[in-house]
Structures are given as C-alpha cells and as structure tokens.
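In: Got a predicted structure plus its sequence, pasted below:
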Amino acid sequence: MVRVALGAVAAAGLTWAVRRCVVVTVRGHSMAPTYGDGDRVLALRTAPHRLVAGDVVVSWLPGLAVDRAREPRDRPWVIKRVAAVPGDPLPGAPGERVPRGRLYLVGDNPDGGLDSEDFGLAHTDHVLGRVVRRLPPAPG
C-alpha cells in the first residue's frame with residue numbers, strides 16, 4: 001500500500017515538472033555571450049508577478065497577434081532579459097514607470113537583435129517561462 005502511494009506521489013510530481021518545464025533552442029545572437037545560436041535552455045513556467053529584473057525569459061514578441069490556439073512550438077518566441085518589471089523606472093523615459101502587466105525586455109548583445117526599445121513593452125501574460133539553466137547539446 002505504501003509503495004502504491006509513493007508511486008502516485010512520484011507520478012504526480014513528474015507530471016507537475018513536465019507541465020512546468022519547456023526546452024527551448026536559441027536562434028540568433030541577441031543573447032550572446034550568455035546564450036548563443038543553437039544553445040538549448042530549460043525554461044520554467046513562472047507566474048508573472050515572480051519575475052524580477054535580471055531574469056531571462058522566453059516570450060512572444062510584443063505587438064504580434066498570436067493565435068493562442070496554435071501549438072506553443074509553432075509560436076514566434078524570443079529569449080530576452082527582463083530589464084524592468086511593473087513599477088520599475090522605464091528605461092529611457094525619465095519619470096515614467098513600467099505599467100502593470102508589462103515588462104521591458106532587452107538582449108544581452110548590444111549589437112544584435114531587437115528589444116523593447118524597438119518592439120515595445122512585452123505583456124507579462126505572453127511569457128512562456130523563466131530560463132533556469134543551459135542544457136547540453138541535443139544528442140545526434
């Protein structure tokens with residue numbers, strides 16, 4: 001009986017982890033040198049209010065009409081660093097603050113890629129997850 005209960009708990013924990021974790025392959029050089037083209041990262045689905053400046057996130061491009069019915073793997077994702085969260089000063093706009101439900105995203109590579117200065121503030125509900133670690137290259 002105890003084995004069955006422990007097995008059920010382990011299965012529930014594994015299901016929880018699988019639903020919360022997503023493997024993403026980086027395309028492009030906007031996050032170099034932190035992450036390069038072809039790097040694989042593990043993103044953990046995170047509540048938007050838990051994000052802080054400095055986190056790296058996987059998000060839809062702001063302003064892009066995305067069909068929520070599409071499979072996540074078919075959506076146009078970007079990997080960016082959170083530079084400011086709701087209530088923080090808005091970079092480049094003295095006296096203004098990031099509004100609730102938005103994020104200011106930037107790439108680590110100042111010479112490559114677009115960021116919130118180009119595409120606007122990201123919606124917190126468009127964040128797939130927070131990058132928690134780099135993964136080894138895919139086998140084969």
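Out: Okay, I see it. Numbers count the residues shown, from 1 in each chain.
In: pLDDT value on H49, please?
Out: For H49, the pLDDT comes out at 89.
In: same check, this time on the one 3 residues further on
Out: Confidence per residue is given as pLDDT, and for V52 that number is 97.
In: Check which helix or strand it maps to.
Out: According to DSSP states H and E, V52 maps onto no helix or strand at all.
In: just checking, it touches V85?
Out: Yes - between V52 and V85 a contact is recorded at 6.3 Å, counting by Cβ atoms under 8 Å. In short, each C-beta sits where N, CA and C put it, glycine included.
In: More neighbours: which of those two?
Out: V85 (20 against 10; other Cβ atoms under 10 Å).
In: Mind giving me the packing neighbours of the helix or strand encompassing V58?
Out: V58 belongs to strand 56-60 when assigned by DSSP H and E. Judged by 3 or more Cβ pairs under 8 Å, 6 or more residues apart in numbering; DSSP states H and E, the packing partners of strand 56-60 are strand 40-44, strand 77-84, strand 102-106, strand 122-123, strand 127-135.
In: V26: which of those is closest?
Out: With Cβ to Cβ as the criterion, V26 lies closest to strand 77-84 of those, at 5.7 Å.
In: Just want the angle from the closest one to strand 102-106.
Out: Strand 77-84 runs at 110 degrees relative to strand 102-106, counting by axes from the mean of the first three to the mean of the last three Cα atoms, to 10 degrees.
In: got the CA positions of strand 77-84 in CSV?
Out: C-alpha atoms of strand 77-84 as CSV (Å, rounded to 0.1, in the frame of the first residue of the first chain):
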residue,chain,number,x,y,z
TRP,A,77,9.2,33.0,-29.3
VAL,A,78,12.1,35.3,-28.3
ILE,A,79,14.6,34.9,-25.4
LYS,A,80,15.3,38.2,-23.7
ARG,A,81,16.5,39.5,-20.3
VAL,A,82,14.0,41.4,-18.1
ALA,A,83,15.4,44.9,-17.7
ALA,A,84,12.4,46.3,-15.8
